[in-house]
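Novice: A predicted structure for the sequence below; I have some questions about it.
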Amino acid sequence: MFTPFRTESYVDFSQNTPKREMLHAVDTVSGQMGREYPLRIGGEEITTSDKIKSLNPAAYRQTVGLVSKANADQADKAVRSAADNLKWWSRTDPEARARILVKAAAIMRRRIYELTATMCFEVSKSWIEGYAGVCEAIDFLEFYGREMVRLSSGQPVTPYEGEENEYRYIPLGVCVVIPPWNFPCAIMAGMTSAALVTGNTVVLKPASTAPVIAAKFVEIMKEAGLPEGVLNFLPGSGGAIGDTIVEHPLTRLIAFTGSMEVGLGIFEKAAKVHKDQIWLKRTVLEMGGKDCIVVDETADLDAAADGAVNAAFSFQGQKCSACSRLIAHRDIYDVLIDRIVDRAKTITVGNTAAPENLYMGAVIDEPAYQKIKEYIAIGKKEGRAVLADGKVPDGGYFIPPTIITDVDRNARIAQEEIFGPVLAVIKAKDFDDGLEIANGTIYGLTGALYSNERMRLERARHEFHVGNLYFNRKCTGALVDVQPFGGFNMSGTDSKAGGRDYLQLFMQGKSICERW
Ligand code: NAP
């Protein structure tokens, strides 16, 4: 029914047409500043007096949107509404559900520049990072739609005489979706669409620093024909309403992406069985990382320097896959550092909504800004700051690229997730030592190895323990169904988003036998 899945292509913003389109979109979204967005519960739009003020991190005084903020009663109502709508939605034709996703993808494609600009304002993505984020969201919609059609015929079973046997998948129930702010379009749309297309009803609680892009996605799903009540939109503080939706006895599944601390709390709370609850909740938890790039003495050092700088500093180092540790063989350590510093010095920092099409924007908010600054201060004591304190504009949470060398493998900046533009460089004695350092954290999300030694690449396939491993390229930028994404250890439950196992996590298998 659908054509084969293909990932979306990016545009080149140095070309006139995309540049013009983007400038127009920036203008359009500028005109939407301060717009109000309601909650949506059971098909009803609810405007609350208490609002989330979504601010541009690169321009303190700019309010991107005012989003109604749910309280615990509304959170309870959203879960109940999702439960009420489950019976009929779970029985809709999987192909019909898939078509809604494909239609939503088409609408997003038509609005791609506006959605990109929204993220430039709301979370300070650069143009290309924002654009890539919308492409990824479109890919999730297109891919999960096709995946649902594939899985709707269940799995084959071994024939058994005198019986008809079948194995099919059915939805789980009410799914609570809790995305992070850093991929506020792609991850939010990916988790939500996976839950919907598999026949679950959803309570979507967006990140409080990025609710506007989520509100636009909810509008798009409605325009694509998603019936009322199936997707409940519940912006609100995770600290205030998170427990209500996670612990609710009618909640069946929680799909979360965010920090390890919050993820572990959800894991624990979801494990407790509450009064009137008749199932064990399932959790899909994708959490933090302390990702690294390992460079050995045989590597192409220019390629490694390009990859490390991009993976460490694009989107201000705020990707779960960002390179926060560079592990360099002692023979090439000094020369690699020089090349990285030279490249990082050329990076431009500023308000990414501006036409200059800057490389780095602001970090997400004041707490993140303070936390990263504290880590830089710690890093200056733990190592040698070879690039720090560069000049940045006023008026936003700007932090320049920071590189700290001679860091011990067990130092705090080598072990703890900073989530900012801070790269710790660690010296390795040899390849074995490099691998040991790479695996020496509690996380296991992404990693890359630059090497031209074939047997080392082969060893790394087995011994480099990360969910997403890359050779001779950067450790960021996974594509849907090209590099299914998800980490090991404290990086999460290894639910590979954008992979062919993913939708099963949102369903349960049912075995049906009729004896003739
Ligand atoms: P976060 O602080 O953990 O927040 C994630 C989501 O959880 C937000 O929607 C937040 O809502 C909500 N939340 C907070 N407290 C909650 C509670 N007690 N109960 C229920 N929900 C609660 O993470 P973040 O700062 O948004 O995102 C950055 C983190 O995500 C990093 O650690 C990064 O590595 C990780 N990440 C991982 C992946 C992956 O695939 N492994 C991908 C992207 C990001 P509020 O905004 O209202 O607090």
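Specialist: Received, thanks.
Novice: alpha carbons only for contacts and neighbour counts from here, please
Specialist: Noted.
Novice: hang on, Val203 in a strand?
Specialist: Yes - applying DSSP: H, G, I helix; E, B strand; the rest coil, one finds Val203 inside a strand.
Novice: correct me if wrong: it contacts Asn232.
Specialist: Yes - contact criterion Cα atoms under 8 Å: Val203 and Asn232 qualify, at 4.8 Å.
Novice: and the helix of greatest length in the chain, what does it pack against?
Specialist: Ranked by number of residues, the top helix in the chain under DSSP state H is helix 127-151. Packing partners of helix 127-151 (3 or more Cα pairs under 8 Å, 6 or more residues apart in numbering; DSSP states H and E): helix 94-110, helix 112-123, helix 186-197.
Novice: picking up where we left off before, overlap in contacts of Val203 and Asn232?
Specialist: Residues touching both Val203 and Asn232 by Cα atoms under 8 Å, 6 or more residues apart in numbering: 78, 82.
Novice: on that earlier part again, among the helices and strands packed on helix 127-151, which is nearest Ala388?
Specialist: helix 112-123 (22.9 Å; Cα to Cα).
Novice: packing partners for the closest one?
Specialist: Checking 3+ Cα pairs under 8 Å, 6+ apart, helix 112-123 ends up next to helix 16-30, helix 127-151, helix 211-223.
Novice: what's the most buried one of those?
Specialist: Among the helices and strands packed on helix 112-123, helix 127-151 has the highest mean neighbour count (mean count of other Cα atoms under 10 Å), at a mean of 25.
Novice: taking helix 186-197 as reference, get the angle to it.
Specialist: Per axes from the mean of the first three to the mean of the last three Cα atoms, to 10 degrees, the angle that helix 127-151 makes with helix 186-197 is 20 degrees.
Novice: list, one by one, the residues from the stretch 201-350 of the chain near the ligand.
Specialist: Contact residues (Cα under 6 Å from any ligand atom) of the stretch 201-350 of the chain with the ligand: 206-209, 236-239, 242-243, 257-260, 262, 286-289, 320.
Novice: quick check: PyMOL command selecting the buried ones in the residues you listed.
Specialist: Restricted to buried positions by 16 or more other Cα atoms under 10 Å, the PyMOL selection for these reads:
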select buried, resi 206+207+208+209+236+237+238+242+243+257+258+259+260+262+286+287+288+289+320
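Novice: now, the residues of the stretch 201-350 of the chain next to the ligand that are in strands?
Specialist: Judged by DSSP state E, the subset of those located in strands is 257, 286.
Novice: can you show me the strands along the stretch 301-450 of the chain?
Specialist: 323-329, 384-387, 402-405, 422-428, 446-450 (DSSP state E, counting those that start in this stretch).
Novice: who's in contact with Asn439?
Specialist: By Cα under 8 Å, 6+ apart, the contact list for Asn439 reads 464-465.
Novice: scratch that, Gly229 is what I was asking about
Specialist: Here Gly229 is in contact with 41-43, 81-82, 85 (Cα under 8 Å, 6+ apart).
Novice: mind putting those residues into a markdown table with pLDDT, distance to the ligand and secondary structure?
Specialist: Below are these laid out as a markdown table (pLDDT from 0 to 100; distance: Cα to the nearest ligand atom, whole Å; DSSP: H, G, I helix; E, B strand; the rest coil):
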| residue | pLDDT | distance to the ligand | secondary structure |
| --- | --- | --- | --- |
| Ile41 | 98 | 18 | strand |
| Gly42 | 97 | 21 | coil |
| Gly43 | 95 | 22 | coil |
| Ser81 | 98 | 19 | helix |
| Ala82 | 98 | 18 | helix |
| Asn85 | 98 | 23 | coil |
